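In: Have a look; sequence and predicted model below, questions after that.
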Amino acid sequence: MEIDKLVGAELDFWTAKAEGLDAELKSLYGQSYCKIAVHDSHGYVVYEPTQNSKLAAEIAFRQCYTLYPHPSLDDRGATRKLWLAEAQWNKTFHGTYVDESPLVAICRLRVAEAIAGKQLVKNF
């Protein structure tokens with residue numbers, strides 16, 4: 001699996017797995033989503049850290065990620081803003097991920113960190 005290619009529900013799913021959540025990748029009416037078990041309420045909820053800034057911010061805060069804008073040039077030479085998420089406080093994993101969405105950058109970094117720390121099996 002290429003972490004740089006993960007998007008949407010699939011990225012939400014692997015982020016949930018990296019967080020140690022009981023997650024399933026589901027599809028309904030042609031739309032994919034990540035469903036996690038909520039043990040306190042004996043039910044399930046949709047888990048979307050790529051769309052929910054509160055969920056992504058909780059991950060970034062707990063994992064001590066640094067997030068900042070990273071200006072870049074596109075193919076035409078125009079400046080576009082990208083977001084760089086960095087795990088600079090982790091003693092065993094020093095990675096960065098860049099994306100137009102800060103939430104996607106955080107989620108990809110979390111998945112990469114979990115793989116490096118062997119919290120996720122590399123053979124997805």
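Out: All right, it came through fine. Residues are numbered from 1 along each chain as shown.
In: which SS class is Tyr97?
Out: Reducing the assignment to helix, strand or coil with DSSP: H, G, I helix; E, B strand; the rest coil, the entry for Tyr97 is strand.
In: what number of residues lie near it?
Out: Taking other Cβ atoms under 10 Å as the criterion, the count of residues near Tyr97 is 22. To be clear about C-beta, it is placed using only N, CA and C from the backbone, and glycine gets the same treatment.
In: Specify the beta-bridge partners of it.
Out: For Tyr97, the residues forming beta bridges with it (DSSP bridges) are Ala85.
In: Let me see the ranges of the strands in this structure.
Out: Secondary structure of the chain by DSSP state E: the strands cover 23-28, 31-38, 43-46, 66-73, 79-86, 96-99.
In: Quick one: closest of the ones you listed to Glu2.
Out: Glu2 sits nearest to strand 96-99 of all these, at 12.0 Å, using Cβ to Cβ.
In: Report the mean per-residue pLDDT for that closest one.
Out: Per-residue pLDDT over strand 96-99 has a mean of 92.
In: Repeat that for stretch 39-46.
Out: Per-residue pLDDT over stretch 39-46 has a mean of 81.
In: mind exporting that stretch as CSV, just the C-alpha atoms?
Out: Output in CSV follows, covering the C-alpha atoms of stretch 39-46 (Å, rounded to 0.1, in the frame of the first residue of the first chain):
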residue,chain,number,x,y,z
HIS,A,39,-18.3,0.3,23.1
ASP,A,40,-19.8,2.8,25.6
SER,A,41,-23.0,3.1,23.7
HIS,A,42,-23.1,-0.4,22.1
GLY,A,43,-23.3,1.0,18.6
TYR,A,44,-21.4,2.2,15.7
VAL,A,45,-20.5,5.6,14.3
VAL,A,46,-19.0,6.9,11.1
